[in-house]
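In: just the structure for this:
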Amino acid sequence: MTSRPSSAPLAPPRPNTVFQGDCADLFALLPDNSVDLLLTDPPYKDYQSNRPVAHEKVTAISASTFDLARFIRESERVLKPGCHFYCWCDHLSFPAIFEAIQERSRDLSPRQAAQRLKYKNCLIWVKNNHGSGDLQGNYAPQHELVIYASKGRTRPLLSDKRPSNVFFEGKQGSISFFSKVANQRYQHGTSKPLPILQRMIQASSKRGEIVLDPYGGSLSTAEAAVREGRQYWIGELDAGHCERGTERLGQLNLELAEEGFDTQWLSGPHFQALEAPHPIPAPHFERAEPRAESPGLAAATRELPDLLRGD
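Out: Numbers count the residues shown, from 1 in each chain. Have a look, this model is predicted:
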């Protein structure tokens, strides 16, 4: 590995900022070991809702923007040691993301492994409704998955008791499942329930710490962070999602301030457009990989056994 240049290290962006642009350009702005929690829902598959609805269809999601190898590598770089990593996925993309994490830790010394993500668990959201697909030859999909990992040795979860890896509402003996977020609520097709995001943020960060979501979508992660007294850096490629989400966050800040919420965490929301790719110092990467050759998740799953693909 080349030695670090003598130039000054990157200064972290101001907290509570929404960045519109490619997540690679956002990562390029973030110093090493600057993030307390990474929680994101990347575009791991193409998505376009085909259900008949009374409203205009939401913007389609394209997996071509997701560079899995870069995402894992940069997540390791910006996370602080011991801090937690949550990545939403489904049963088809889980093997590729899991293997991408495992591959980077093979045959390393303990000291080297402390700088890499370590897979910890698979968390499950059981929905109150199921999806479509093969209506006759397959089981109805009624869950989504979250890969939970940490950078090196895991810092403890901040929970009164050990949390279940299945997200549900209610007390023991009276269980109900979190409802799917309606597409039209945020004009986004894959938003996640705020209470689930808040649970992960509560368990894996302290008040005032920085939550990073490089694939912000409807900016629900930022909303959950604000409600829990955390700060955020959010990246999102779509200008419409950034505009609507930033407006919603501004209104939320006003409402929370009126309710007597601790205003020291309510700065912003700030907005920054990411334009041309930012130069990244060589030490941030172990090897250079031109962005034009980005394989995306589809290429990463090409070699998976047919058994894992399902219908």
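In: give the buried residues for stretch 87-102.
Out: 87-89, 93-101 (16 or more other C-beta atoms under 10 Å). Every residue, glycine included, has its C-beta placed from N, CA and C.
In: in helices only, show me those.
Out: Taking DSSP state H as the definition of helices, the buried residues of stretch 87-102 contribute 94-101.
In: out of those, the closest to residue 147 would be?
Out: Minimum distance to residue 147 across these is 5.6 Å, recorded for residue 97 (C-beta to C-beta).
In: give me every residue that touches the residue sitting nearest the centre point of the chain.
Out: The C-alpha lying nearest the average C-alpha coordinate of the chain belongs to residue 40 (C-alpha atoms, centre = their mean; 0.7 Å). For residue 40, the contacting residues are 86-88, 212-216, 221, by C-beta atoms under 8 Å, 6 or more residues apart in numbering.
In: how close does it get to residue 139?
Out: Taken as C-beta to C-beta, to the nearest Å, the spacing of residue 40 relative to residue 139 amounts to 27 Å.
In: tell me which residues in the helix or strand harbouring residue 120 are buried?
Out: Secondary structure from DSSP states H and E places residue 120 in strand 117-126. For strand 117-126, a neighbour-count test (16+ other C-beta under 10 Å) marks 117-119, 123, 125 as buried.
In: list the contacts of that strand.
Out: 72, 75-76, 79, 85-86, 94, 98, 101-102, 104-105, 142-154, 165-168, 177-178, 192-193, 196, 200.
In: what's the answer for stretch 258-268, then?
Out: Applying C-beta under 8 Å, 6+ apart, the set of residues contacting stretch 258-268 from outside is 14-17, 207-208, 226, 229-231, 249, 253, 256-257.
In: out of those, who's the most crowded?
Out: When neighbours are counted as other C-beta atoms under 10 Å, the busiest of the contacts of stretch 258-268 turns out to be residue 230, with 26 neighbours.
In: that one contacts residue 207, correct?
Out: Yes. Residue 230 lies in contact with residue 207 (C-beta atoms under 8 Å); the separation is 6.7 Å.
In: tally of neighbours for the closest residue to residue 37 other than its chain neighbours?
Out: Leaving aside its chain neighbours, residue 37 sits nearest to residue 205 (4.3 Å; criterion: C-beta to C-beta, 6 or more residues apart in numbering). Here the neighbour count serves as a burial measure; for residue 205 (other C-beta under 10 Å) it reads 24.
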